[in-house]
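**Student:** Sequence first, then the predicted structure, then my questions.
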Amino acid sequence: MQNYFYNILPYDIQHYIFQLRLFNILQKNYYRLISQKMTIANIVLNYDFQYFTPYQYNYLYNNLIFNLNSNIYMDTKNNNTLFLLKKTLNTLTINDDKLWWLRKFIIPIENSLILYKYIPNANNNISINNNIYYECWSTYFKLLKKLNITPSLNLIYQIM
């Protein structure tokens, strides 16, 4: 279908209309992405973190080359953590506040990966949800690569 009114407009007005339409589309996508990041940040802030037991913390503290950065972790054998990790991989960019995401999100996931690597029966489910754990493992390294963050040496090398 041809728009006869639009075709008879001068070129500069046609160009201006294209600019307005493009600006509206870009603005809508930008605010959608910002709202997704804000939602993920709120979920991370309200997440129910788990804490190492004294035995787990002492065992890891005494046997790892590099000490743990905190006492909290996100359970990487949980579907919600995997979903949050994948969503974060898709929405974060290298221009975001990497230090905040590192302290609030990446380090707790790293602690969980270290925990289940060196103490596999930490939650009394040795073989349950291992596929979720391995997906979290690979998605975690993809996220680090995307954000240009060096992975923990405790995860790369077999220390114990």
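**Tutor:** That came in fine, so what should we check first? Numbers count the residues shown, from 1 in each chain.

**Student:** Show me what the lengthiest helix in the chain is packed up against.
**Tutor:** Ordering each helix of the chain by length in residues (DSSP state H) puts helix 11-45 first. Applying 3 or more Cβ pairs under 8 Å, 6 or more residues apart in numbering; DSSP states H and E, one finds that helix 11-45 contacts helix 79-91. Where you see a C-beta, it was placed from the backbone N, CA and C, and this is true even at glycine.

**Student:** any idea of the mean pLDDT in whichever helix or strand comes after the helix it packs on?
**Tutor:** Using DSSP states H and E, the next helix or strand after helix 79-91 towards the C-terminus is helix 98-101. Helix 98-101 carries an average pLDDT of 90.

**Student:** For helix 98-101, buried residues please.
**Tutor:** Residues Trp101 are the ones in helix 98-101 that count as buried (16 or more other Cβ atoms under 10 Å).

**Student:** coming back round to it: what mean pLDDT does the longest helix of the chain get?
**Tutor:** The model assigns helix 11-45 a mean pLDDT of 93.

**Student:** tell me the angle that helix makes with helix 79-91.
**Tutor:** Using axes from the mean of the first three to the mean of the last three Cα atoms, to 10 degrees, the direction of helix 11-45 lies 150 degrees away from that of helix 79-91.
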